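Engineer: Structure of the sequence below:
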Amino acid sequence: MSEMQHVGGESKIKKDFFEHMETSFGRVEKGWRISTPSNDVQVVKTTPDYIVDANIYVSLGLSNSPYPLRNSGRHVRCELFFILPGECDFLHIPSIIEDVVTVMEKSGTVFLRGDVIGPKGELFEGHEFTSLYVAPPFLLPDESYGFMIEGEEVLFMWLVPITTAECEFVRQYGWERFEDRLEEMEVDVINIDRNSVA
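Structural biologist: Residues are numbered from 1 along each chain as shown. Predicted coordinates:
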């Protein structure tokens, strides 16, 4: 994958969506292009002003194509994002998002809250995380919700790094118990040095 010299709203998405994305995630600092079997997508790095010492890595252009919701006649569009500590440069995140998009394309449906992806090796060198948990965009501003493209809502889906034990916990006990546990233990899921809750 090659690093882009410029990322702009004219690149395969409408200018108004790019502006909406910057309102939701912060000013774009850097971008990469990734390729999957069905999509030509970018990943951009932003710095939100509403989360201290964090960067967001978000797909851009995945929402060009609608995906069906499982067990529903509806179609939605989506973008995927990570929120990670700002003190590190996670240059491999675009590759991870590329892999996740490929998994979603093969499934033929959009990810839902509580889905887990993995385990698949160490996500961050020296850390326990091997899997991803799909969560709603709790930390995004209210303005990020409700954007429509051709009558279909764009959903922003948060990819939260989790451990193999946490992945197994979600599959065994369900996403509600997992999120309850995170809340009860006051876990900062942005912190990649956090302990596993399972």
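
Engineer: tell me, what residue is most central in this protein?
Structural biologist: Compute the mean C-alpha point of the chain, and by CA atoms, centre = their mean the closest residue is residue 81, 2.4 Å away.

Engineer: Give the bridge partners for it, please.
Structural biologist: residue 58, residue 158 (DSSP bridges).

Engineer: who's in contact with it?
Structural biologist: Applying CB atoms under 8 Å, 6 or more residues apart in numbering, we find residue 81 in contact with 25, 56, 57, 58, 59, 137, 156, 157, 158, 159. Just so you know, the C-beta spots here come from the backbone N, C-alpha and C atoms, and that holds for glycine as well.

Engineer: who wins for most neighbours among those?
Structural biologist: Neighbour tally across those (other CB atoms under 10 Å): the maximum, 28 neighbours, falls on residue 25.

Engineer: Now do the contacts for that one.
Structural biologist: Contacts for residue 25 were tallied using CB under 8 Å, 6+ apart; they are 46, 48, 56, 58, 81, 140, 144.

Engineer: Between the two ends of stretch 29-45, how far is it?
Structural biologist: Using CA to CA, to the nearest Å, the end-to-end distance of stretch 29-45 comes to 6 Å.

Engineer: cool, stretch 129-145 as well?
Structural biologist: Note: stretch 129-145 ends 29 Å apart using CA to CA.

Engineer: residues in contact with it?
Structural biologist: If you take CB under 8 Å, 6+ apart as the criterion, stretch 129-145 is touched by 20, 23-25, 50-51, 81, 83, 96, 100, 111-123, 156-164, 166-167, 170, 175, 178-179, 189, 192.
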